[in-house]
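Trainee: Sequence first, predicted model second:
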Amino acid sequence: METPSVPHRPDPAGGCPHADNARLLARGAVAPVVLPGGVEGMAVLGHEALREFLQHPEVAKDPQHFTRLREGRIPAGWPLLTFATVRGMTTADGADHRRLRALVSRAFTPRRVEELRPRIEELTGTLLDDLERAADADGVAELRRHFALPLPMGVIGELLGVNPEFRDRLHHLTNQVVATDIGPAEAVAANRELVAVLAAVAAARAEHPGDDLTSALIAARDEDGDRLGQEELIGTLVLMIIAGHETTLNLVTNAVRALCGHRDQLEIVRKGDASWADVVEETLRWDAPVSYFPFRYPVRDLTVDGTVIPAGTPVLAGYSAAGRDPAAHGPDADRFDVTRPARPDAVRHLSLGHGAHYCLGAPLARLEATVALERLFDRFPALDLAVPEDGLVRQASFVGNSVRTLPVRLRPRTGGARG
């Protein structure tokens, strides 16, 4: 397959990825890209090619394999640097990855996650009350701020033992970390402050241990320093905070947008002909909460779907593109359909990853989103967008895939109000 002569430049300011994805997929499953700062990379977009790439034994996550970084040609303020260099399971391979993943995996087994259901339901009810109180005289409230964000942030905050007063600041800082349009000085400052805040959280838990994951990680570090160093502890907290709320925040937001834009699909769920779990899975496929996830690196020149990816190249996993790949999901792949038949593993969506680095928090994200959507539309059955879909401002990132705010009208206008 011939590589396109003009590399794709993902817009650092974000934007809806689907038109670009369709154009790139029409050329092939792998595309050259130019990242911020003129850094050359590749993106794997086709479903089957991405599935193969994510589990390929000669594809690494450790940044020692990132040629340009290893050679000192990536500046400190590069907006994607944290994705490459944070010390934790997403930048580890082999035994190191298994060691780091094992330290937190017990908190995210399906059984342990199901035990969180009562707390998730309780928090959801409280946030729905808050959402209603936040509505203006016309019944309009900002759903991301008052509902879709505080639910996963509250749950992961409790799991990690992060006190409520830290959570808004952590969201702001992690939002800057995933931004791709941020300037060098701001990127450095955000990363520095994020590390400082999480070091303070860790210090508080070290002084007053509790029944939380941070305390357990600190105990593992103190019992055997070889198991978890301080840098790995902070790096693990960074990853857990980002992955523990940003993905679910975007998932809930995108599902609400999809249902409001496809009222027929919402009616199918209400009639019981599809479940809220079906809504979650179709949203993950159709409008993945992460669009282009950084990074993986071939350890040797690797041919993927006929395209050579040179060793040491930073590669983006194109989850949003793979979710609408007609070769895997059929000619109607760009249609939101909650009755889409369950797919075998080979063609199931990849939006939560695949292989050794499959999303550890997938059961928790699914549970939070399912509870949130069911309770939200039960409470506000006429809920709709308060502005047209094309009037929503997108996230300033080509990594995350959603909108910055989601104003919704909780109930129909009354008293002769004019639209």
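Mentor: In hand now; what should we look at? Only a predicted model underlies this, so the values are computations on that prediction, with no experimental measurement involved.

Trainee: gap between the residue sitting nearest the centre point of the chain and residue 103?
Mentor: Geometric centre of the chain, nearest residue: residue 247, 3.1 Å, by CA atoms, centre = their mean. As for residue 247, its distance to residue 103 is 20 Å (criterion: CB to CB, to the nearest Å). The way it works is simple: take the backbone N, C-alpha and C, and place the C-beta from them, glycine included.

Trainee: just to revisit the earlier point, A strand includes the residue nearest to the centre of the chain, no?
Mentor: No. Going by DSSP: H, G, I helix; E, B strand; the rest coil, the assignment for residue 247 is helix, not a strand.

Trainee: Can you tell me the closest non-neighbouring residue to it?
Mentor: Leaving aside its sequence neighbours, residue 247 sits nearest to residue 289 (CB to CB, 6 or more residues apart in numbering; 4.9 Å).

Trainee: For the stretch 251-400 of the chain, which segments count as strands?
Mentor: Residue ranges of the strands in the stretch 251-400 of the chain, as given by DSSP state E, counting those that start in this stretch, are 292-298, 302-304, 307-309, 315-318, 384-385.

Trainee: what helices or strands is the helix or strand just after the last one leaning on?
Mentor: Sequence-wise, the next helix or strand beyond strand 384-385 is strand 407-409, with elements assigned using DSSP states H and E. Contacts of strand 407-409 with other secondary structure elements, assessed using 3 or more CB pairs under 8 Å, 6 or more residues apart in numbering; DSSP states H and E, are made with strand 140-142, strand 384-385.

Trainee: Put together TSV for those, with mean pLDDT on each row.
Mentor: As requested, the helices and strands packed on strand 407-409 are exported to TSV (pLDDT from 0 to 100):
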stretch	mean pLDDT
strand 140-142	98
strand 384-385	97
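
Trainee: Just the pLDDT at the closest residue to residue 153 other than its chain neighbours, thanks.
Mentor: The shortest distance from residue 153 to any non-neighbouring residue, by CB to CB, 6+ apart, is to residue 245 (4.4 Å). For residue 245, the pLDDT comes out at 91.

Trainee: For residue 245, give me its contacts.
Mentor: Listed by CB atoms under 8 Å, 6 or more residues apart in numbering, the contact partners of residue 245 are 149, 152-153, 156, 171, 174.

Trainee: any idea which of those is closest to residue 164?
Mentor: residue 153 (9.4 Å; CB to CB).

Trainee: my read: the closest one touches residue 172, true?
Mentor: No. Using CB atoms under 8 Å, residue 153 is not in contact with residue 172; the gap is 11.2 Å.

Trainee: Tell me which of those two has more neighbours.
Mentor: Between residue 153 and residue 172, residue 153 has the larger neighbour count (other CB atoms under 10 Å), namely 23 against 12.

Trainee: Please pull out the lowest mean pLDDT helix or strand from this protein.
Mentor: Lowest mean confidence among the helices and strands of the chain (mean pLDDT, DSSP states H and E): helix 213-223, at a mean of 83.

Trainee: List the contacts of residue 149.
Mentor: Taking CB under 8 Å, 6+ apart, one finds 171, 245, 249 in contact with residue 149.

Trainee: per-residue confidence at residue 104?
Mentor: The model's pLDDT for residue 104 equals 89.

Trainee: That one should be in a helix, yeah?
Mentor: Yes. Secondary structure of residue 104, determined by three-state DSSP: located in a helix.

Trainee: That one - how many residues pack around it?
Mentor: Neighbours of residue 104 under the rule other CB under 10 Å: 21.
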